[in-house]
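Chemist: Predicted model and sequence follow; I will ask about them next.
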Amino acid sequence: MKVKVDKNLCIGCGACQSIEPSVFELEDDGLAKAIDTEINKEIKENVMDAIEGCPTSAISEVE
Ligand code: SF4
């Protein structure tokens with residue numbers, strides 16, 4: 001599983017980064033980016049929480 005962030009939807013609230021900083025980071029433009037990494041079992045629950053918790057539904061699974 002991998003995830004991506006749609007920057008057209010992201011409002012830079014930082015919630016995803018707070019939940020799982022090993023996957024999500026806010027960039028210089030103030031918007032989140034998903035680090036291109038395979039989501040392992042240990043962090044998958046946090047990543048799912050981030051997907052569900054994103055206020056603009058900007059995060060989606062890519063595979
Ligand atoms: S939770 Fe959603 S809106 Fe907030 S920074 Fe992350 S991707 Fe952007």
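Modeler: Nice, thanks for sending it over.
Chemist: Is it correct that Val23 is in contact with Ile39?
Modeler: Yes: in terms of CB atoms under 8 Å, Val23 counts as a neighbour of Ile39; the distance is 6.7 Å. The C-beta positions use only the backbone N, C-alpha and C, and glycine is treated the same way.
Chemist: neighbour count winner among those two?
Modeler: Val23 (24 against 20; other CB atoms under 10 Å).
Chemist: per-residue pLDDT, the residue lying closest to Gly53 once chain neighbours are set aside?
Modeler: Nearest residue to Gly53 in three dimensions, chain neighbours excluded: Ala15, at 5.6 Å (CB to CB, 6 or more residues apart in numbering). For Ala15, the pLDDT comes out at 98.
Chemist: Likewise for Glu63?
Modeler: So, for Glu63, pLDDT stands at 73.
Chemist: Could you do Lys41 as well?
Modeler: Looking at Lys41, its pLDDT reads 93.
Chemist: what do you get for Asp36?
Modeler: 84.
Chemist: Give the full set of residues in contact with it.
Modeler: Going by CB atoms under 8 Å, 6 or more residues apart in numbering, Asp36 touches Lys2.
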